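# All I have is the shape, not the residue letters:
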């Protein structure tokens, strides 16, 4: 088993970790099936880092069909204990506009029908994990401290609302989510975070804001396009490798 200092799961628009050196490719099959794609393990800032594209490296898997259990189980089997999720999200509140980087500290799950626990199969242990704080605070603090040392703006808290997808949300849904206290909206935050807790993994989310959610921005009638989403993700991601290197240093 390879010792891994940090595992990274990439979302929409993040299909590789370009600064990863000396890369080995692993394609494990777990008790839950195969992960979304190959796991690339290499060196970053002198540490062993694993990368997995959540939707597959060709973005072929929609949010509701991702095998979240297999993804996390494969990373754990390869030696990962710490997982940083990069989630492409929409911004709902003013502080979370396009190209912002956000470290949410809370989560609301609006998804349905997904396998969301290790307790799914008959005969498996029934797990009642504490999930009051869905993200590992010590890992959040590591990311925030790394960004602070570099002078990179990083919104230090917020609430991630996980929706079913793959369609984007209606304006009424976003209005409801804002009323519920959500700052961000995405489609892959759950069940990933809950499963990580059940597996005993340290887990945190770094939200990459790709667009204003429906009706949330200065132009309430703005049409969201994938070209806009990918351009904003690319621009925001320019800062992420520096944060990762500072974390690992």
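Everything's here; your move. What you see is a predicted model; the values in this text were computed from it and never measured.
# how distant is the helix or strand harbouring residue 69 from the center of its chain?
Element membership of residue 69 [criterion: DSSP states H and E] is helix 68-77. Between the centre of helix 68-77 and the centre of its chain there are 14 Å (Cα atoms, centre = their mean, to the nearest Å).
# Stretch 36-46 now?
Mean-position distance between stretch 36-46 and its chain equals 16 Å (Cα atoms, centre = their mean).
# And that stretch, what's buried?
Judged by neighbour count using 16 or more other Cβ atoms under 10 Å, the buried positions of stretch 36-46 are 36, 37, 38, 39, 40, 41, 42, 44, 45. Any C-beta I mention is one placed from the backbone N, CA and C, and that applies to glycine too.
# name the helices or strands packed onto the helix holding residue 69?
strand 6-10, strand 47-53, helix 192-198 (3 or more Cβ pairs under 8 Å, 6 or more residues apart in numbering; DSSP states H and E).
# ok, 6 Å please
helix 192-198 (3 or more Cβ pairs under 6 Å, 6 or more residues apart in numbering; DSSP states H and E).
# count of neighbours near residue 111?
The tally of other residues near residue 111 (other Cβ atoms under 10 Å) stands at 18.
# What helices and strands are in contact with the worst-scoring helix or strand of the chain on mean pLDDT?
Lowest by mean pLDDT, DSSP states H and E among the helices and strands of the chain is helix 226-237, with a mean of 88. Identification of packing neighbours for helix 226-237 by 3+ Cβ pairs under 6 Å, 6+ apart yields strand 202-212.
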